[in-house]
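Trainee: Just need the structure, nothing else, for what follows:
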Amino acid sequence: MSLVSLHNLAFAYDTQPVLEHVSLEVNEHDFLAIIGPNGGGKSTLLKLMLGLLKPTQGSITLLGTTPSAARHDVGYVPQNTNVNTDFPVKVLDVVLMGNGAEHHPLFGYGIEEKACAMEALQQVGMEDFAARRIGDLSGGQRQRVMIARALCRRPKLLILDEPTASIDATGQKEIYDLLKRLNDAITVIVVSHDLSVILGYANKAAYVNRTLTFHDISDKSHIFHTHGQTDDHLCEIDILEMLGGESCDVCNNCDDKGGAA
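Mentor: As a prediction, this is how the structure comes out:
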């Protein structure tokens with residue numbers, strides 16, 4: 001079942017083209033990684049999917065309807081959550097904010113909404129921190145809370161923009177392990193500069209740099225075989241080349257050429 005369908009999409013800020021000829025299908029239970037250079041249009045693509053921007057050309061279908069009509073069934077974790085760590089708000093209250101704009105918190109949250117928030121915290125392993133101040137948490141813990149906030153509306157689709165930015169390597173792995181577990185029940189779309197998400201977690205990848213190059217990477221072995229690799233190492237430049245990025249004629253097994261050792 002197709003949850004996201006983009007057909008011949010284009011978008012421009014004023015007269016400056018950002019995306020052109022973008023087509024994409026995301027199916028139920030997919031884990032799609034979107035990669036590409038800064039300024040290539042990745043975040044703009046997410047905003048189009050969410051209905052925050054309108055395409056200048058083409059069509060978008062989300063969960064069988066328009067992005068605006070599907071909004072309640074989509075969980076979104078933006079790149080910059082702008083959490084004021086000095087503000088004395090509790091973790092549970094942050095998660096409750098994910099109930100949606102249609103709720104009026106002036107009259108307080110009900111038992112069912114609080115139960116839903118606790119369920120979301122349990123999904124991300126943060127239920128024991130419900131009464132803690134958000135500012136007392138580590139960066140990785142705060143990001144788990146933001147994911148719980150997105151899960152609070154029980155979405156069918158979870159979209160994340162750079163969810164591991166400014167998080168250490170251990171925290172990054174924990175976040176992606178969490179997303180992989182959530183992917184058993186929820187379709188996941190994640191924008192990332194971390195290419196390990198392609199090899200370790202995603203089953204589909206899209207390289208976005210004005211246009212979109214799509215790859216089904218359910219079988220990771222062909223990536224290594226294509227580039228003649230005999231071990232578990234693959235240069236990040238090779239991955240980008242395979243996914244449609246620019247090739248590099250100087251990299252040799254990443255030996256002091258800027259790749260991952």
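
Trainee: Now do the same contact list for the nearest residue to N209 once chain neighbours are set aside.
Mentor: Take N209 and drop its neighbours on the chain: the residue closest to it by CB to CB, 6 or more residues apart in numbering is G40, 3.9 Å away. The C-beta positions use only the backbone N, C-alpha and C, and glycine is treated the same way. Residues in contact with G40 (CB atoms under 8 Å, 6 or more residues apart in numbering) are 208-210.

Trainee: Please, which helix or strand holds M146?
Mentor: helix 139-151 (DSSP states H and E).

Trainee: any idea of the pLDDT on Q229?
Mentor: We note a pLDDT of 47 for Q229 in this prediction.

Trainee: hang on, I meant A165
Mentor: 82.

Trainee: do you know how far the nearest residue to it once chain neighbours are set aside is from V95?
Mentor: Leaving aside its chain neighbours, A165 sits nearest to Q79 (6.6 Å; criterion: CB to CB, 6+ apart). According to CB to CB, to the nearest Å, Q79 stands 19 Å off from V95.

Trainee: Same question for A70.
Mentor: From A70 to V95 the distance is 22 Å (CB to CB).

Trainee: what about these two, which has more around it?
Mentor: V95 (29 against 22; other CB atoms under 10 Å).

Trainee: Which helix or strand contains the more buried one?
Mentor: helix 91-96.

Trainee: And for E25?
Mentor: strand 16-27.

Trainee: Any buried residues in that strand, and which?
Mentor: 18-20, 22, 24, 26 (16 or more other CB atoms under 10 Å).

Trainee: Next, format these as JSON lines and append distance to M126 and pLDDT.
Mentor: Formatted as JSON lines, the buried residues of strand 16-27 follow (distance: CB to CB, whole Å; pLDDT from 0 to 100):
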{"residue": "V18", "distance to M126": "36", "pLDDT": "96"}
{"residue": "L19", "distance to M126": "35", "pLDDT": "97"}
{"residue": "E20", "distance to M126": "41", "pLDDT": "96"}
{"residue": "V22", "distance to M126": "35", "pLDDT": "96"}
{"residue": "L24", "distance to M126": "32", "pLDDT": "95"}
{"residue": "V26", "distance to M126": "27", "pLDDT": "96"}
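
Trainee: quick one: L121 and A131 touch, right?
Mentor: No. Checked against CB atoms under 8 Å, the pair L121 and A131 is beyond contact range at 10.8 Å.
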